[in-house]
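**Student:** Quick one, fold the following:
(one chain, ligands or ions: 1)
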Amino acid sequence: MRIYGDLNSGNCLKVKYAADFLGLSYDFVPVDISKGEARTPEFLAMSDMAQVPVVALDDGRFLAQSNAILRYLARGTALLPEDPYLQAKIDELLFWEQYSHEPYIAVLRFHMVYLGKPSETRDPEKVKRGEAALDLMEKRLSDRQFLVGEALTVADIALLAYTRLAHEGGFDLSSRPALSAWISRCERLLALPPAKGR
Ligand SMILES: N[C@@H](CCC(=O)N[C@@H](CS)C(=O)NCC(=O)O)C(=O)O
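**Tutor:** Numbering: from 1, shown residues only. Below you'll find the predicted structure:
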């Protein structure tokens, strides 16, 4: 398998975290989106969505969209339990991550880290929605170890990628103890070094 992506992107890191956890063998192919490398004819032939991540499967087929890739790689493993209700609860979080979490937490990190802008210049509406997303996670995690069920799933991996870097977008993780403990727990299980600066 080949994973086309950018290691600065949480959406791409999700896929790498899952592949590493599952012990899958793959080549990581760096794609620099700032240089238009996701818009070349070769890339568009793999995915006309012109975004990373994309995986090239061993059978020659391609798959885009981080959370679809996570679900595909995790099929038949503990990261995606068989129980239909648990799978639906995982999907609930995967959709929520893309619509109510990533657009604020990841976009404000981009604003500060990649555009180099100070936290005071962040869009207040995005800040409000990002804070609300982190508050929801803090509340949910106050009485459980993982987001769905009793063990690590792709829901945790999908949400971990940008949440563990949320402080880089001006969000305070230290005032959210359950969320911070969950980040450390997931990092340990995924053998990731603790995110810097948290
Ligand atoms: N919903 C997509 C979002 C992917 C995405 O936004 N990728 C960014 C990098 S993090 C990208 O390729 N941006 C280039 C573009 O949209 O032109 C996913 O989850 O994979």
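
**Student:** The closest residue to residue 117 other than its chain neighbours: what's it in contact with?
**Tutor:** The shortest distance from residue 117 to any non-neighbouring residue, by CB to CB, 6 or more residues apart in numbering, is to residue 111 (5.4 Å). For glycine as for every other residue, the C-beta is placed from the backbone atoms N, C-alpha and C. Neighbour list for residue 111: 117, 121, 122, 123, 169 [criterion: CB atoms under 8 Å, 6 or more residues apart in numbering].

**Student:** Please save the CA atoms from the longest helix anywhere in the chain in PDB.
**Tutor:** In the chain, with assignment by DSSP state H, the single longest helix is helix 124-141. What follows is helix 124-141, C-alpha atoms only, in PDB (Å, rounded to 0.1, in the frame of the first residue of the first chain):
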ATOM      1  CA  PRO A 124     -14.200  34.500  17.000                       C
ATOM      2  CA  GLU A 125     -16.900  32.300  15.600                       C
ATOM      3  CA  LYS A 126     -14.400  29.600  14.800                       C
ATOM      4  CA  VAL A 127     -12.900  30.000  18.300                       C
ATOM      5  CA  LYS A 128     -16.400  29.600  19.800                       C
ATOM      6  CA  ARG A 129     -17.200  26.500  17.800                       C
ATOM      7  CA  GLY A 130     -13.700  25.000  18.500                       C
ATOM      8  CA  GLU A 131     -14.100  25.600  22.200                       C
ATOM      9  CA  ALA A 132     -17.600  23.900  22.000                       C
ATOM     10  CA  ALA A 133     -16.100  20.900  20.300                       C
ATOM     11  CA  LEU A 134     -13.400  20.500  22.900                       C
ATOM     12  CA  ASP A 135     -16.000  21.000  25.700                       C
ATOM     13  CA  LEU A 136     -18.100  18.200  24.200                       C
ATOM     14  CA  MET A 137     -15.100  15.900  24.200                       C
ATOM     15  CA  GLU A 138     -14.200  16.800  27.800                       C
ATOM     16  CA  LYS A 139     -17.700  16.100  29.000                       C
ATOM     17  CA  ARG A 140     -18.000  12.700  27.200                       C
ATOM     18  CA  LEU A 141     -14.600  11.600  28.400                       C
END
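
**Student:** Understood, closing this out.
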